[in-house]
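1. Any chance you can model this:
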Amino acid sequence: LTVISSLDREETPSYEFIVSAEDGGAVKLSSEVQITVTLLDENDKPPVFVEKTKSVRVNEGTSNFPFYLWTLNYDDDDLDAKNKHSVYELLRIVNGSTSIDLSLIMLNTTSGEIWLTDALDFETTKTLTVTLSVNNTEIGVGDLCGGFDEECYLSDIATLTIVVSDFNDNTPVFERSSYTGQVSTESDPGTQILQVIATD
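-> The predicted structure is shown next:
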């Protein structure tokens, strides 16, 4: 038996054949044998995120840490459990156009759970963009290259956007600590005495 066309274990995991042999005698005798060919699973299917983008809103007053954000999930069409196994990786966190310390996000590389580890300030952070990857871990393929390299085809990318909601945490502040004004007893109603200014 020889292979004459391409094979795909995900489509057809095995083949069965009946092979017969016949001799050349005057009275021909023959026999048959059944052959089963099972295809070995190649690690040729990349993990694919079930949900590639997610947006969550977090109040800047949130103080219960770690604070749960999202759980990543992926599919892998490989049949062999070893070839299906992948791990998650946190690649970068960006505030506007500035990359910030990865310690702000806690990622369980096995379960895919994502948690916020510290408070966010609306006055300095309106949104955060978190880039994550899922990487197949088969030996010889499992470098955590995060899908940015052509050779890292057994990976996928997901993006989490954290939108920070403003919290009324700043007290109005007057420009001066005290004000003094004078007004004539003959002033008409509506006469301005002074102006006070406060900023928040």
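
2. Make sure Asn83 is indeed in a strand.
-> No. Counting by DSSP: H, G, I helix; E, B strand; the rest coil, Asn83 is not found in a strand; it is helix.

3. For burial, what's the neighbour tally of the spatially closest residue to it that is not a sequence neighbour?
-> In space, and not counting its chain neighbours, Asn83 is closest to Asn43: 4.1 Å by Cβ to Cβ, 6 or more residues apart in numbering. (C-beta placed from N, C-alpha, C; glycine too.) By the criterion of other Cβ atoms under 10 Å, Asn43 has 20 neighbours.

4. any idea which helix or strand carries Asn43?
-> If you go by DSSP states H and E, Asn43 is not part of any helix or strand.

5. Straight-line length of stretch 80-99, end to end?
-> 38 Å (Cα to Cα, to the nearest Å).

6. circling back: wait, doesn't the residue nearest to Asn83 sit right on Asn136?
-> Yes. At 6.6 Å, Asn43 and Asn136 qualify as touching, with contact defined as Cβ atoms under 8 Å.

7. quick one: common contacting residues for those two?
-> 83, 154 (Cβ atoms under 8 Å, 6 or more residues apart in numbering).

8. tell me the contacts of Glu32?
-> 18-21.

9. Just the ones in helices from those, please.
-> Among the contacts of Glu32, no residue falls in helices (DSSP state H).

10. Let me have those in TSV, adding distance to Pro172, pLDDT and neighbour count as columns.
-> Shown next, in TSV, are the contacts of Glu32 (distance: Cβ to Cβ, whole Å; pLDDT from 0 to 100; neighbours: other Cβ atoms under 10 Å):
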residue	distance to Pro172	pLDDT	neighbour count
Ile18	89	91	8
Val19	90	89	10
Ser20	95	91	8
Ala21	97	91	9
